[in-house]
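K.L.:
Model the following, please.
(one chain, ligands or ions: 2)
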Amino acid sequence: MPALTKEQLQQFDREGYLFFPNLLEPRRDLQPIIDEYHGVLDRLVDELYAKEEISSRYENLPFDDRLIKIYQETSKVHAQYFDFHLPPNATTEDTPGWWGPAVFNALRNEKILDVVESLIGGEIYSNPIQHVRMKPPERLTPKDPKTGLPMIGATAHHQDNGVGTPEVDNTEMITVWFPLRDATEENGCLEILPGSHRKGLLVHCPTSKKNRHVGLGIPDDQFPVDQMKPMPMKAGGALFFGRRLIHGSLSNNSNEVRWSFDLRYNPVGQATGRDSLPGFVARSRKNPASELHDWRKWEQLWHECRTRLAKQPVPTYNRWNAEDPVCA
Ligand SMILES: O=C(O)CCC(=O)C(=O)O
Ligand SMILES: [Fe+2]
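P.N.:
Ligands and ions are numbered 1, 2, ... in the order given. From the prediction side, this is the model:
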């Protein structure tokens with residue numbers, strides 16, 4: 001893909017985001033990821049069945065129904081099993097995760113890196129704040145007994161700057177969000193507040209009276225919440241946004257799993273906001289030999305990180321607290 005046009009760069013500067021409805025080719029760029037995760041679900045099912053946590057392997061159910069069924073039967077959301085991230089403060093030797101070749105190829109996808117290069121230059125670091133999100137319909141999702149909230153559900157409004165440590169404040173971290181299949185308002189697509197990247201970093205609150213979500217959120221009275229813009233997109237679409245853009249997601253009120261990737265990049269040498277986790281050089285025009293091309297080495301980095309964190313968890317990487325007057 002050619003470099004971005006002047007208009008696109010101006011739009012990114014003005015609105016804080018860029019949307020490409022057809023950046024990725026579903027068959028080439030997305031299907032290998034979907035296929036890989038079918039294998040991961042098979043593995044999870046085998047493990048749960050061996051531990052007698054489920055009564056059947058549900059081999060005849062389609063992917064979504066099978067995922068929903070095992071979450072329900074175990075009263076647990078197995079999101080960490082699929083994720084290619086580790087929680088710095090809560091990782092043990094047994095914390096699962098998936099760092100496979102199709103995921104690694106997505107992080108190094110040329111079409112994604114071309115856009116990122118246009119935004120932050122040709123020295124690109126893959127930031128380890130990254131997730132796969134598979135969200136079952138909320139009404140079928142196990143609830144947290146303490147809060148009554150679905151264990152995974154709508155994402156609170158936030159800025160990605162707010163989920164990293166303060167070192168990320170002065171970086172040029174870019175987030176890329178894309179669905180593995182169509183994201184709709186019904187199944188819980190992303191929503192954004194165009195232009196909100198100019199507000200600076202707002203106060204984020206842990207789950208509280210003012211933030212009825214799992215995870216950090218900016219209370220509704222701190223920004224024009226009625227101006228949030230839903231971003232439905234077809235499989236193949238991708239949204240790029242800067243670290244200060246306010247965004248969140250809608251609830252999944254459909255009958256299917258809402259499935260997306262969110263990846264982050266920053267210029268090589270800048271802080272990632274989670275220094276205890278491993279990133280890698282995804283592209284370097286100056287020093288191509290520094291790029292990581294081998295998914296096994298990437299997987300190894302995360303396995304080593306797990307061992308390290310299990311021995312010495314990062315006590316806290318959250319900079320916010322519920323006592324802030326804005327959260328009360
Ligand atoms: O997919 C979601 O629900 C939230 C994603 C998000 O916050 C992000 O990509 O930064
Ligand atoms: Fe986010």
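
K.L.:
from here on, contacts and neighbour counts on C-alpha atoms
P.N.:
OK.

K.L.:
what's around the closest residue to Tyr37 other than its chain neighbours, how many residues?
P.N.:
When the adjacent residues along the chain are set aside, Tyr37 lies closest to Phe82, with 7.6 Å between them (CA to CA, 6 or more residues apart in numbering). Using other CA atoms under 10 Å, the number of residues around Phe82 comes to 19.

K.L.:
Next one: Phe82 from Gln159, what distance?
P.N.:
Separation of Phe82 from Gln159 (CA to CA, to the nearest Å): 24 Å.

K.L.:
Can I get the helix or strand containing Trp298 in PDB? Just the C-alpha atoms.
P.N.:
Trp298 is part of helix 295-311 when elements are defined by DSSP states H and E. Output of helix 295-311 as PDB, limited to C-alpha atoms (Å, rounded to 0.1, in the frame of the first residue of the first chain):
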ATOM      1  CA  TRP A 295       7.500 -16.800  15.700                       C
ATOM      2  CA  ARG A 296       9.200 -19.400  17.900                       C
ATOM      3  CA  LYS A 297      11.500 -16.800  19.200                       C
ATOM      4  CA  TRP A 298       8.600 -14.500  20.000                       C
ATOM      5  CA  GLU A 299       6.800 -17.400  21.800                       C
ATOM      6  CA  GLN A 300      10.000 -18.000  23.700                       C
ATOM      7  CA  LEU A 301      10.200 -14.400  24.800                       C
ATOM      8  CA  TRP A 302       6.700 -14.700  26.300                       C
ATOM      9  CA  HIS A 303       7.400 -18.000  28.000                       C
ATOM     10  CA  GLU A 304      10.500 -16.500  29.600                       C
ATOM     11  CA  CYS A 305       8.500 -13.500  30.600                       C
ATOM     12  CA  ARG A 306       5.900 -15.800  32.300                       C
ATOM     13  CA  THR A 307       8.700 -17.500  34.300                       C
ATOM     14  CA  ARG A 308      10.100 -14.200  35.300                       C
ATOM     15  CA  LEU A 309       6.700 -12.700  36.300                       C
ATOM     16  CA  ALA A 310       5.700 -15.900  38.200                       C
ATOM     17  CA  LYS A 311       8.800 -15.400  40.400                       C
END
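
K.L.:
what's that helix packed up against?
P.N.:
On a contact count with 3 or more CA pairs under 8 Å, 6 or more residues apart in numbering; DSSP states H and E, helix 295-311 meets helix 101-107.

K.L.:
quick one: is the helix it packs on near ligand 1?
P.N.:
No. Helix 101-107 stays clear of ligand 1 (CA under 6 Å from any ligand atom), getting no nearer than 13.9 Å.

K.L.:
Next SSE downstream of that helix?
P.N.:
Of the helices and strands lying after helix 101-107 in sequence (DSSP H and E), the nearest is helix 110-120.

K.L.:
And the contacts of that next one?
P.N.:
Residues outside helix 110-120 that contact it (CA atoms under 8 Å, 6 or more residues apart in numbering) are 1-4, 9, 23-24, 123-124, 172, 174, 176, 265-267, 282-283.

K.L.:
Helices of the chain, start to end?
P.N.:
6-15, 31-50, 63-74, 79-82, 101-107, 110-120, 160-163, 295-311 (DSSP state H).

K.L.:
Pick the most deeply packed of these.
P.N.:
With neighbours defined as mean count of other CA atoms under 10 Å, the helices of the chain peak in mean count at helix 160-163, which reaches a mean of 24.

K.L.:
what's next to that helix, contact-wise?
P.N.:
168-169, 175, 201-204, 216, 243-245, 318-319.
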